[in-house]
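S.K.: everything below, folded, please.
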Amino acid sequence: MIQFSKQDEKFIKENFENWEELLQEEDVNRILLELHLFIDREGFDKFYNLNDLGREAQRVYDSIYRNN
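M.R.: Predicted structure coming up:
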């Protein structure tokens, strides 16, 4: 089972329509890929710098990576 912090769960619930499926996922690489795609899509400003949402998503990505 994948380990999520409370902050990881909160972020996933707020930003993914398929959050229930993601939180039950057993393949950590699938969740990391979903977060990567989210960061690519939503996480940058027009100058390709991470925005606040991108930085938050990156923290969640790093947390899940470290804990699993």
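S.K.: drop to CA atoms for contacts and neighbour counts, all remaining ones
M.R.: Noted.
S.K.: and the pLDDT at the closest residue to Val60 other than its chain neighbours?
M.R.: Excluding its sequence neighbours, the residue lying closest to Val60 (C-alpha to C-alpha, 6 or more residues apart in numbering) is Asp8, at 5.4 Å. Per-residue pLDDT puts Asp8 at 98.
S.K.: surely Asp8 is in contact with Asp62?
M.R.: No: with contacts counted by C-alpha atoms under 8 Å, Asp8 stays clear of Asp62, the gap being 9.9 Å.
S.K.: so which residue is smack in the middle of the protein?
M.R.: In the chain, the C-alpha nearest the mean C-alpha coordinate belongs to Leu35, at 3.7 Å (C-alpha atoms, centre = their mean).
S.K.: and Tyr66, how far is that from Arg59?
M.R.: Heads up, residue 66 is Arg, not Tyr. Using C-alpha to C-alpha, to the nearest Å, Arg66 is found at 10 Å from Arg59.
S.K.: quick one, helices of this structure?
M.R.: 6-15, 19-24, 28-42, 52-67 (DSSP state H).
S.K.: state the distance from the residue lying farthest from the centre of the chain to Ser63.
M.R.: Distance to the chain centre peaks in the chain at Phe47, reaching 21.8 Å (criterion: C-alpha atoms, centre = their mean). Phe47 sits 26 Å away from Ser63, taking C-alpha to C-alpha as the criterion.
S.K.: repeat for Glu20
M.R.: With C-alpha to C-alpha as the criterion, Glu20 and Ser63 are 19 Å apart.
S.K.: please apply the same query to Ser5.
M.R.: Ser5 is 8 Å from Ser63, by C-alpha to C-alpha.
S.K.: which of the two has more neighbours?
M.R.: Relative neighbour count places Ser63 above the other of Ser5 and Ser63, with 16 against 12, counting by other C-alpha atoms under 10 Å.
S.K.: Leu53 versus the more buried one, what's the distance?
M.R.: From Ser63 to Leu53 the distance is 15 Å (C-alpha to C-alpha).
S.K.: quick one: low-confidence parts of the chain?
M.R.: The chain contains no residues with pLDDT under 70.
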